[in-house]
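Student: Attaching a predicted model along with its sequence, questions to come.
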Amino acid sequence: MINLMICGELYDYLQYSIETTDIFFKYVVPLSIPNSIHNLIHSSLDLSFYIPLEREREMDLSSSDDMIAWFQEVARNAGKVQRETLKKIIEMNHEVEYLQKWLKDVDVENMDAEALQSVYRSMVPLASHADLEPYIHRIADGETSPLLTKQPITTLSLSSGTTEGRQKYVPYTSHSSKTTLQTFKLAAAYRSRVYPTKEGGKILEFIYGSKQFKTKGGLSAGTATTHYFSSQEFKLKQQQTNSFTCSPNEVIFSGDYKQSTYCHFLLGLFHSPQVEFITSTFAYCIVQALGLFEDYWRELCNDLSNGSLSPTITLPGIRTSVLDVIKPDKNLAKWVASQCEVLEKSNWYGLIPKLWPNAKYVYSIMTGSMKPYLEKLKHYAGDHLPLVSAEYGSTESWIGVNMDPSSAPESVTFTVVPTFSYFEFIPLHRQDSMIVGAAGGCDDYLEDDPVPLSKVKIGQQYEIVLTTFTGLYRYRLGDVVEVTGFYEGTPKLNFLCRRKLILTINIDKNTENDLQLVVKKGSQSLIKSRAELVDFTSHANTTNQPGHYVVYWEVKGEVNEHILARCCKEMDAAFLDHGYVVSRKTNSIGPLELCIVERGTFRKIMEHFIGNGATMSQFKTPRCTTNKVLLKILNLYTIKSFRSTAYK
């Protein structure tokens, strides 16, 4: 038997599907594999030829240059790669129950990739989660027949359910973890060109895993981040990028975000000179954690000085794992304390570079619903520490990478990786809400027919449609993006917003992005009072007529009621949607209401969702809600309210 060394990703991918077609060998195998090995792999189906994953780190195939060269090749051939990606997905899964409804009489195996793409797009309809939910529930209940994928689905991911108040299952397979690893390696390759880090350095990661549970049918269920943090790929990512998280698994998976956060900080400070960058899934998580640090720092200094752990950390697993790492360091404790005393006087401006002086950047998702936290994150980062926007993905699939880490988070674009899924794009055109009228539904876009990745146009807005290796077929993701350009043959996307309208009463139609702009304008008056907006959400209240918008603010600092009343008026006047303006002028929509909630209210909301299965790594404050429990919390802790005097 021949002893053949190949990269671990190839080994894993072949394990995932022995039916691998030419797409893998042409586009997924790193380019530096010699032709002789390439041909041998291509002709062989005997997996005993291949070595275990851990040998990959001995090879050059996972180097940054190889990753970038690989991506350049697949991007250059993006149209062909996409067709062959779809062909592979369909060849693997065309016999599953869902696809048999549409492709039963199609000779998939004897059809070329271009013809199959045409047949698939013409015969399989666009789908929402509601269309696939009955199949996913049958899988969750233990049905083992191939419903969505030929490969058995043994794990389900949960969405956070923060907007609609309920969680959704999404299939999760080994392919999900593998593409996550590949995404992080590719992104790290681009970051290392701009912000090189030391090998063997530490990462201060504010990451949190939730406890997995079993469905009725015995499948493991949990958040996608939990699945990834507990996977072999998470360990491989650290080995292959040669950067290691400060915190052990016991801290990541404690199930108590406050205890985990405290220990993240303690270990991050203990390893302060070695910390190369600070990261979390979402910008919100970093801002939330640093807000807690303002309260924790004295206790943390005591623990650093004594090599101890606060009695508030009660979980035995955490205590053991952390105390195994830290040692008394009085000099470090004194240094941290002196820095914090100065920082406290400057409202913690530049906290991150002061306490982690060797950190090269802060890395997190900063687009979409994370935009409102950018100002606070910039405050903590100071004048010179870069904020690097993380990659673009969802629970359903990874989509694109940030090829330009030096770009500002507000202007970041994501380059689509054409091997991850098969992508289609629905062209969208904004329409005048006055034309739609009150019966026009809950969407202010006109649609054209979906186009493949290779047919998108610069400047056009689209909704993304996914066909994935995990059993989602022509799945409407609900994300609105704009094509800003191309890298080779693959598009670069600017994420705009979620498509679903969040505020509407009759002919008015306002998106998440519209609300963010309104709140940003309305909150400018807070700056003059040296106060800041901590967080916000909204609700379309139709209990009484006329209905009206309610915006909830949590504010840090004292603000005169006259200023808050002005903020309320400015927000009401800032909505530019024509339907809203006309409705306000005719009083068919009432004056906007601004409700000020107690400090800590949005933390209570976060704790509610974490208690219902979300994790800190996954949580996003909903920008609009109809959730009765959430509204009960907001209304219970409202301490002041104002009604707009605009349009009088």
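Tutor: Sure, I can see it. All values derive from a computational prediction rather than experimental measurement.
Student: To what extent is K168 buried, counted in neighbours?
Tutor: Neighbour count of K168, defined by other C-beta atoms under 10 Å: 18. To be clear about C-beta, it is placed using only N, CA and C from the backbone, and glycine gets the same treatment.
Student: got a list of what it touches?
Tutor: 129, 133, 158-159, 161 (C-beta atoms under 8 Å, 6 or more residues apart in numbering).
Student: Which of the three states applies to V534?
Tutor: What DSSP: H, G, I helix; E, B strand; the rest coil gives for V534 is strand.
Student: which residues does it contact?
Tutor: Going by C-beta under 8 Å, 6+ apart, V534 touches 553-556, 599, 602.
Student: between those residues, which is nearest K150?
Tutor: Using C-beta to C-beta, F602 comes nearest to K150 of these, at 43.8 Å.
Student: That closest one and T537: what is the separation?
Tutor: 8 Å (C-beta to C-beta, to the nearest Å).
Student: Equivalent analysis for E488, please.
Tutor: For E488, the distance to T537 - C-beta to C-beta - is 41 Å.
Student: F414 now?
Tutor: Separation of F414 from T537 (C-beta to C-beta) stands at 26 Å.
Student: try E570
Tutor: For E570, the distance to T537 (C-beta to C-beta) stands at 18 Å.
Student: List the contacts of stretch 343-357.
Tutor: Stretch 343-357 is contacted from outside by 204, 268-269, 272-273, 275, 278, 290, 293-294, 336, 339-340, 342, 359, 362, 379-385, using C-beta under 8 Å, 6+ apart.
Student: go again using 6 Å as the cut-off
Tutor: Applying C-beta atoms under 6 Å, 6 or more residues apart in numbering, the contact partners of stretch 343-357 are 272, 275, 278, 339, 379-382, 385.
Student: biggest strand in the chain, by residue count?
Tutor: strand 475-487 (DSSP state E).
Student: After that one, which helix or strand is next? Please name it.
Tutor: Per DSSP states H and E, the first helix or strand lying C-terminal to strand 475-487 is strand 490-498.
Student: Give the residue spans of the stretch 201-350 of the chain that score low on pLDDT.
Tutor: Counting by pLDDT under 70, the stretch 201-350 of the chain has low-confidence residues at 241.
Student: Excluding chain neighbours, what is closest to G557?
Tutor: Once flanking residues are discounted, G557 sits nearest to A531: 3.2 Å by C-beta to C-beta, 6 or more residues apart in numbering.
Student: Oh, that last question was meant for D508, not what I typed.
Tutor: Y580 (3.8 Å).
Student: Can you read off the pLDDT for that neighbour?
Tutor: Looking at Y580, its pLDDT is 87.
Student: looking at this, it is in a strand?
Tutor: No. Looking at Y580 with three-state DSSP, it is helix, so not inside a strand.
Student: And the helices in the stretch 351-500 of the chain?
Tutor: Applying DSSP state H, counting those that start in this stretch to the stretch 351-500 of the chain gives helices spanning 351-355, 374-381, 433-436.
Student: Let me see the domain layout of this protein.
Tutor: Following automatic domain parsing, one finds the domains of the chain at 1-60, 196-385, 512-643.
Student: For those, could you give me TSV that also reports distance to C497?
Tutor: Shown next, in TSV, are the domains of the chain (distance: least, C-beta to C-beta, whole Å):
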stretch	distance to C497
domain 1-60	32
domain 196-385	7
domain 512-643	4
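Student: Among those domains, which comes closest to E84?
Tutor: Per C-beta to C-beta, nearest to E84 of these: domain 1-60, 3.6 Å.
Student: What mean pLDDT does the closest one get?
Tutor: For domain 1-60, the mean per-residue pLDDT is 34.
Student: Please apply the same query to stretch 380-389.
Tutor: Per-residue pLDDT over stretch 380-389 has a mean of 95.
Student: what comes into contact with that stretch?
Tutor: For stretch 380-389, contacts defined as C-beta under 6 Å, 6+ apart pick out 290, 350-353, 361-363, 366, 402, 405, 409, 412.
Student: From the residues you listed, pick the one nearest T173.
Tutor: Closest to T173, out of all of the contacts of stretch 380-389 and judged by C-beta to C-beta, is N402, at 25.4 Å.
Student: residue contacts, that closest one?
Tutor: Contacts of N402 (C-beta under 6 Å, 6+ apart): 389, 391, 412.
Student: Next one: G613, what pLDDT does it get?
Tutor: At G613, pLDDT is 65.
Student: about what we covered before: could you dump the contacts of N402 to a markdown table with distance to Y647 and neighbour count?
Tutor: As requested, the contacts of N402 are exported to a markdown table (distance: C-beta to C-beta, whole Å; neighbours: other C-beta atoms under 10 Å):
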| residue | distance to Y647 | neighbour count |
| --- | --- | --- |
| S389 | 38 | 25 |
| E391 | 43 | 19 |
| V412 | 37 | 23 |
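Student: Now render those residues as CSV, adding distance to P146.
Tutor: Listed next are those as CSV, based on distance: C-beta to C-beta, whole Å:
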residue, distance to P146
S389, 38
E391, 31
V412, 39
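Student: Out of these, the closest to I639 would be?
Tutor: Nearest to I639 among the contacts of N402: S389, at 35.2 Å, using C-beta to C-beta.
Student: Scan the contacts of stretch 380-389 and report the most crowded one.
Tutor: Y363 (27 neighbours).
Student: Show me what it bridges to in the sheet.
Tutor: T279, V388 (DSSP bridges).
Student: Was I right to think it contacts I278?
Tutor: No. Judged on C-beta atoms under 6 Å, Y363 makes no contact with I278 at a distance of 7.3 Å.
Student: Give the ChimeraX command for selecting the buried subset of the contacts of V534.
Tutor: Buried members of the contacts of V534, defined by 16 or more other C-beta atoms under 10 Å, are picked up in ChimeraX with:
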select :553,554,555,556,602
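Student: Turn the contacts of V534 into TSV, including distance to T225 and secondary structure.
Tutor: Conversion of those to TSV gives the following (distance: C-beta to C-beta, whole Å; DSSP: H, G, I helix; E, B strand; the rest coil):
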residue	distance to T225	secondary structure
W553	29	strand
E554	25	strand
V555	30	strand
K556	28	strand
R599	28	coil
F602	20	helix
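Student: Just the buried positions in stretch 103-110, please.
Tutor: By 16+ other C-beta under 10 Å, the buried positions in stretch 103-110 come out as 103, 106, 108.
Student: now, which of these sits nearest A140?
Tutor: L103 (24.6 Å).
Student: where does the closest one land on pLDDT?
Tutor: Reading off the model, L103 has pLDDT 90.
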